[in-house]
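Trainee: Please find the sequence and the predicted model below.
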Amino acid sequence: MNTLNASTGTSPFQLHIGRSPRIIPPLERGIVDDDSESQRARVLLTQLQYDVMEAQDSLLAAKAAQATQVNKHRTPELTLNVGDKVMLSTKHRRRDYMQKGDKRVAK
């Protein structure tokens, strides 16, 4: 429930609720007036927006790091010109031909 995600660096609970879950409920609730409630709500919404932006930045950084690692092992792109001879795999062509239902046999 409160496990940190490796890519975002935050827990899903924190991104959704805006804080980490409490293990033990508070024993005593203090006196709260309306002004401090609305101010706390604004602070909570601001913190939620900040957490979401941080998670998005972390995901973008992780995506870039993963792309860098993948591209290290990628072979250079093969360029083909008109008239170049290539080998064509026909491994699945017979099955596709037979599934047409024409009742003909390929030679």
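Mentor: Cool, the structure landed.
Trainee: tell me which element residue 71 is part of?
Mentor: Applying DSSP states H and E as the criterion places residue 71 in helix 34-72.
Trainee: make that residue 81, sorry
Mentor: Under the criterion DSSP H and E, no helix or strand holds residue 81.
Trainee: okay, it: pLDDT?
Mentor: Residue-level confidence at residue 81 comes out at 93, pLDDT.
Trainee: ditto for residue 72
Mentor: On the pLDDT scale, residue 72 is placed at 90.
Trainee: coming back round to it: give me the distance from the helix holding residue 71 to the chain's centre.
Mentor: Helix 34-72 sits 14 Å away from the centroid of its parent chain (CA atoms, centre = their mean, to the nearest Å).
Trainee: how about it: buried residues?
Mentor: Buried residues in helix 34-72, defined by neighbour count with 16 or more other CB atoms under 10 Å: 48, 51, 55, 58. Placement of C-beta: from N, CA and C, glycine included.
Trainee: Out of the residues you listed, which two are the most distant from each other?
Mentor: For those, the maximum inter-member distance is 15.6 Å, found between 48 and 58 (CB to CB).
Trainee: Without its sequence neighbours, what residue ends up closest to residue 11?
Mentor: Computed as CB to CB, 6 or more residues apart in numbering, the closest residue to residue 11 that is not its neighbour in sequence is residue 2, at 4.9 Å.
Trainee: okay, that neighbour: pLDDT?
Mentor: With respect to pLDDT, residue 2 has a value of 70.
Trainee: need the contact list for it.
Mentor: Neighbouring residues of residue 2 by CB atoms under 8 Å, 6 or more residues apart in numbering: 11, 13, 14, 20, 21.
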